[in-house]
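Colleague: Sequence isn't available, so here's the structure alone:
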């Protein structure tokens, strides 16, 4: 017991993950609650030292996955490894994990210092060692001087720091964060996100982070796992997820997107030619397997990838301005258009000139500004 | 399904302990049930032959019949009065500040901790002092005081979980206070009111110690009649009556659980 | 001044009930300092003779027994009530939960007489326990379970268990299960997690449960009367005897007053005794 605790701090740097696989590894992990499949055959490698975000709508399976890694739930099938060790059957208290709970779960009957010391006490570290580590961790989260307060005497942001300190004090192999910022107001959320990222980089602790907030996921993660209906939809860097979604769900869940009716011209190796109006566009062919040339497809394109067609441009489609919405730094232009599946197109304009230039009712020709788009076979409906 | 892990043995041991305790809770009821169907007058286990005759005898016993009737009278009045008084007071307790608020609340909750024999004795002496006869009025007054804390608590809990913005919405739509009360507040409180009344009724019908002091031969309620019977006779009529009691109470509680959610009423549901 | 519709109409009936109750308690207090006139139901002049009579060792014994029985009952009820409350709150499955709740709560609504009678059937010389043990050949003569403090305490634990479970469950249900998970993620096994987190957080429920169990046991009458059968006497039995056997209502009243003071004193002591527990509990 004692030995394990003393070595746990350096273990992270010394023990290489088995066979070069992920530091945290899930193999075909499934979990059902009664008739509901919460997680289906999830296979996932979390690299050492990265922040991996589990993103998805509520009920998508992200919290289930987190609870399985933490050991709060047992999988119905599949295996979980942490640092090369199988932990599928290991209870949470022997997994060496740090968990930051959504509502922090700070023990209300203990002081800040006692909360942070809790995990160290469970590891039976000698008193001076505990005191040293508590002070160290509280300094890390910039909470020096609040040791003797109780959680209820702290602000939301301070409570979160204590919770983070408590999770980090035990030098966990993996840090698990369950929607940690959802209880904070918007300004505080931004600064806490930055701070968390800094601390994570400094310690290099492998981190799994659950959120339903896509902008949080895009800004904070090294890689993102998109989950819905208990299945992993896509794993990739924020850029890949945003620019090259491989599934219709991912494309529409992450970021704003326009869905336009288009046609497949031809497939040439990894690239597919798409015709939309007079415009032609090359998109990845992977999402269009089984589609014959000439087949109708749906083009998923981000608002910032659209622009006003100028003379000489090939017009992709047309629309009538139906509303402006001023967003501070830019203006969102809403167009009514037959070309869009939803009947509406969203465009972005820097500054405010768009409001005066294209009043409601103006007819606008739209062109594609870039090549970052994906296409999927047209949905049957 | 994968086998549960390490804490399994703890879990099994815990389940066994809890099951044993629940068995302890159920044991007397189970034993009484056997005794009630025992054909012989002397208790013996297991009975040599079975019969319904103690049920017939219990149902025909005059004191039990009178006790049942009196009990219904007392319970009907006491629980209804307690509901009206308690619900109204819970309402003002939740909403307003007024003089002596905490004092009145404290006094009304005190019967929870003051022994029933003291309360019974008090109402007996009070009635004698006032020159009142030992009629139903004294019994009902005593029962109202005894069950009021439960009504207060039950209604107060539902009031706390009532979204007051709904009342503001009704008021903004033009409902005067009386109409807000009858069209929004009371309908939304209905589960709390019904459960408060039900608990009051069950507790009043079963109240024994204080009733022993305040009832006379003419107003004797069923528990008092049963107590007197147990002191005098040892035949299983009482067991038969107990079985009817247990079955009736369990049925009422199961129905209450279906419609009201006992867990919520008793405030023992998990908060998340 | 905010408008407060219904205030007067809603407070008055409650105030009336409060006054009636206070009057009844005042009547007891008043009778306790009146003289007893043998053969008459009306009390005599003011006197302290009733309280002086209470100093007899006979009554001291009854007070001591009562407090002891209440204390043992409260502790036993806590010990067996806690696992049930915990299981009730943490049970998975609505059916299991409801079933446990009904089993636990039903006895609460049966009243003291029915429950005490059931225990007579269980504990009597021809009762369930003795007949079964005799038949199994484990004993040769019936065990004396009736008319013993053991029997009384057993039945009283059964009587107070539901209210204890309800109070503990109410406290436990308001503890976020994430606290226990947090403790486990930090390396505490289930038992340590329970002892260091859940148990201290449930102290308000323990204090409420123990004091209520104490008060209810103090108030019990039918159980000590029927199962104690005169061998085990509690304050309640004495009050009833004095009132309805000797018609000495002044003395019964003074006994009630002292009993009440004693009960409140004990409850205050219990709370003080449990304060160290509360210190580790939530503030």
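Modeller: Done, it's in. These numbers were taken from a predicted model, which means no experiment stands behind them. Numbering: from 1, shown residues only, chains lettered A, B, ... in the order given.
Colleague: can you tell me which helix or strand residue 168 belongs to?
Modeller: This is for chain A. Here residue A:168, judged by DSSP states H and E, is contained in helix A:156-169.
Colleague: switch to chain C, that's the one I care about
Modeller: Per DSSP H and E: residue C:168 is located in helix C:149-173.
Colleague: Show me the contact partners of the following helix or strand past the helix holding residue A:168.
Modeller: Per DSSP H and E, helix A:156-169 leads on to strand A:174-178 as the next helix or strand towards the C-terminus. The contact list for strand A:174-178, computed with CB atoms under 8 Å, 6 or more residues apart in numbering or on different chains, reads A:23-24, A:46, A:63, A:66, A:69-70, A:82, A:95-102, A:167-168, A:196, A:200, A:205-210, C:185. The C-beta positions use only the backbone N, C-alpha and C, and glycine is treated the same way.
Colleague: and those residues, which of them are in strands?
Modeller: Members of those lying in strands (criterion: DSSP state E): A:24, A:46, A:82, A:97-100, A:206-210.
Colleague: what subset of those residues is also close to chain C?
Modeller: A:97-99 (CB under 8 Å from any CB of the partner chain).
Colleague: Just want the residue of chain A that's nearest chain C.
Modeller: residue A:119 (3.3 Å; CB to the nearest CB).
Colleague: Which of the helices or strands spans that residue?
Modeller: helix A:112-122.
Colleague: now the next helix or strand after that helix, how far from the centre of its chain.
Modeller: For helix A:112-122, the succeeding helix or strand toward the C-terminus, using DSSP H and E, is helix A:127-140. Centroid separation for helix A:127-140 versus its chain: 32 Å, with CA atoms, centre = their mean, to the nearest Å.
Colleague: one step back: so which of the ones in strands among the contacts of strand A:174-178 wins on neighbours?
Modeller: residue A:99 (30 neighbours; other CB atoms under 10 Å in any protein chain shown).
Colleague: Check which helices and strands the helix or strand encompassing residue C:31 is in contact with.
Modeller: Element membership for residue C:31 (DSSP H and E) is helix C:7-32. Contacts defined by 3 or more CB pairs under 8 Å, 6 or more residues apart in numbering or on different chains; DSSP states H and E place helix C:7-32 against helix B:62-95, helix B:101-109, helix B:116-129, helix B:136-160, helix C:249-280.
Colleague: So which residues make contact with whichever helix or strand comes after that helix?
Modeller: Sequence-wise, the next helix or strand downstream of helix C:7-32 (DSSP H and E) is helix C:49-53. Residues outside helix C:49-53 that contact it (CB under 8 Å, 6+ apart): C:32-33, C:35-36, C:59, C:250-251, C:253-255, C:258.
Colleague: How about stretch C:22-35?
Modeller: Residues outside stretch C:22-35 that contact it (CB under 8 Å, 6+ apart): B:107, B:114, B:118-119, B:121-123, B:125-126, B:129, B:142, B:145, C:43-51, C:249-250, C:253-254, C:256-257.
Colleague: and the residues you listed, which are buried?
Modeller: B:107, B:114, B:118-119, B:121-123, B:125-126, B:129, B:142, B:145, C:43, C:49-50, C:249-250, C:253-254, C:256-257 (16 or more other CB atoms under 10 Å in any protein chain shown).
Colleague: thought residue C:201 was touching residue A:108?
Modeller: Yes - using CB atoms under 8 Å, residue C:201 is in contact with residue A:108, at 7.1 Å.
Colleague: Comparing the two, which shows the higher neighbour count?
Modeller: Taking other CB under 10 Å, residue C:201 and residue A:108 do not tie; residue C:201 has more neighbours (22 against 18).
Colleague: Where does the stretch 101-250 of chain B get nearest to chain A, which residue?
Modeller: Checked against chain A (CB to the nearest CB), the nearest residue in the stretch 101-250 of chain B is residue B:161, 19.9 Å away.
Colleague: what about that residue, how many neighbours?
Modeller: 10.
Colleague: give the contact list for it.
Modeller: By CB under 8 Å, 6+ apart, no residues touch residue B:161.
Colleague: in a helix, that's where residue C:205 is, yeah?
Modeller: Yes - secondary structure of residue C:205 (DSSP: H, G, I helix; E, B strand; the rest coil): part of a helix.
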